[in-house]
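# I would like the atomic coordinates for the input below:
(one chain, ligands or ions: 3)
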Amino acid sequence: MSKRKRRPALPPPPSSPVVPGLIGPMRTVPPGIVRPDYAATGQPSERASRAIRTDDEITAMRVAGRVAADALIEVGRHVRPGITTDELDRIGHEAMVEAGSFPSTLNYRGYPKSLCTSVNEVICHGIPDARRLQDGDIVNVDVTAYIEGVHGDTSATFLVGDVDERSAQLVADTREAMHAGISVVRPGARIYEIGRAIEDVANPKGYGVVREFIGHGIGDQFHTSLQIPHYYDPRNDTVLLPGMTFTIEPMVNLGSPKLEMWDDGWTVVTRDLQRSAQFEHTILVTEDGHELLTLPTEGAPADVRFAGERLGVGADVTD
Ligand code: MF3
Ligand code: CO
Ligand code: CO
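Ligands and ions are numbered 1, 2, ... in the order given. Now for the predicted structure:
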């Protein structure tokens with residue numbers, strides 16, 4: 001029996017492959033800002049984390065989530081053809097630092113930048129560099145902020161200028177898949193229900209849901225041992241309990257779910273070079289359902305605010 005999944009033949013991607021660009025120096029954080037344990041060494045503590053957060057931690061996580069969500073919106077407002085991903089990194093870095101937070105990705109396991117920018121066929125962990133966004137690109141911006149001793153982690157995929165219909169549909173469907181996964185979160189639900197809900201959106205459309213990168217428990221540590229796969233596997237039968245906090249962050253590919261990593265040790269790309277999209281929120285399991293912890297100070301989060309919007313169309317690309 002063949003294990004290979006039959007996928008509809010896709011037209012070639014609408015852009016040439018992304019190539020590594022020049023990476024600038026690590027940005028600095030003022031000494032007054034409290035740093036996570038790994039900031040100096042690059043190595044996060046390996047101690048086991050609790051699965052259930054205290055009330056004080058939850059209060060702090062609303063703050064960290066808000067700071068990350070606000071920074072993501074600020075970056076989104078600047079997405080347009082001609083801007084470099086390093087400039088997006090600077091905008092996100094400054095927003096996080098001005099809010100009194102530490103950009104969680106900085107030196108996390110040696111990662112060199114303050115957020116991730118994943119363009120077109122880059123699935124995740126793209127490093128901001130000197131590449132300019134091009135008309136028709138899609139770019140995921142993934143922002144994590146550390147403040148009051150906890151992390152908040154959120155991302156959205158933005159449309160750069162005039163994006164082709166297939167890519168725009170992938171982005172819309174990936175956002176819908178994330179929200180389908182979020183919608184099943186309540187006490188008593190099992191972790192596999194999240195991946196099942198995501199696949200119920202993605203699979204009928206022929207997309208490939210990435211398996212090697214998954215959602216994660218989050219709190220005083222950036223990534224805890226709690227694992228949230230974005231695909232259905234009945235073995236993931238852990239029961240959700242009030243006070244658990246984790247991310248849901250499906251990566252959905254137009255073509256095959258298979259991936260490769262660049263020599264930089266970070267950038268993950270689709271093997272077939274077809275495009276990939278991702279959205280992410282940090283979620284709390286409440287007594288009767290769930291709460292999004294990555295909500296901005298005002299109005300709708302980035303995924304809603306910029307949904308389907310072709311950013312920077314007609315804008316002056318020089319500013
Ligand atoms: N924010 C990413 C996530 O959703 C993790 C980035 S870790 C880095 O889990 F080291 F790549 F920045
Ligand atoms: Co995450
Ligand atoms: Co993230």
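# residue contacts, the residue lying closest to Leu293 once chain neighbours are set aside?
Leaving aside its chain neighbours, Leu293 sits nearest to Gly65 (3.6 Å; criterion: C-beta to C-beta, 6 or more residues apart in numbering). (C-beta placed from N, C-alpha, C; glycine too.) Contacts for Gly65 (C-beta atoms under 8 Å, 6 or more residues apart in numbering) come out as 152, 154, 282, 292-295.
# Now go through the residues you listed and say which are in strands.
Filtering those for membership in strands, criterion DSSP state E, returns 152, 154, 282, 292.
# Just the endpoints, please. Distance across stretch 266-284?
From its first residue to its last, stretch 266-284 covers 28 Å (C-alpha to C-alpha, to the nearest Å).
# circling back to that earlier point, can you say which two of the ones in strands among the contacts of Gly65 are spatially most distant?
Farthest-apart pair in these is Gly152 and Leu292; separation 10.4 Å (C-beta to C-beta).
# Pick out whichever of the contacts of Gly65 sits closest to ligand 1.
For the contacts of Gly65, the minimum distance to ligand 1 (C-beta to the nearest ligand atom) is 8.4 Å, reached by Thr154.
# what's around the closest one, how many residues?
30 (other C-beta atoms under 10 Å).
# Was I right to think it contacts Pro296?
No: the pair Thr154 / Pro296 is not scored as a contact, 9.5 Å apart, by C-beta atoms under 8 Å.
# Check the contact lists of those two and give me the overlap.
With C-beta under 8 Å, 6+ apart as the test, Thr154 and Pro296 both reach 69, 302.
# Point out the residues in the chain that sit beside ligand 1.
105, 108-109, 111, 116, 125, 142, 144, 153, 216, 247, 249, 266, 280 (C-beta under 6 Å from any ligand atom).
# Quick check: the residue nearest to Leu293 is in a helix.
Yes: under DSSP: H, G, I helix; E, B strand; the rest coil, Gly65 sits within a helix.
# how close does it sit to ligand 3?
Relative to ligand 3, Gly65 is positioned 12 Å away (C-beta to the ion, to the nearest Å).
# re earlier: from the contacts of Gly65, which single one is nearest Lys258?
Nearest to Lys258 among the contacts of Gly65, with distances taken as C-beta to C-beta, is Thr154, at 26.4 Å.
# Does stretch 108-126 reach ligand 3?
No: using C-beta under 5 Å from the ion, stretch 108-126 never reaches ligand 3; the gap is at least 7.0 Å.
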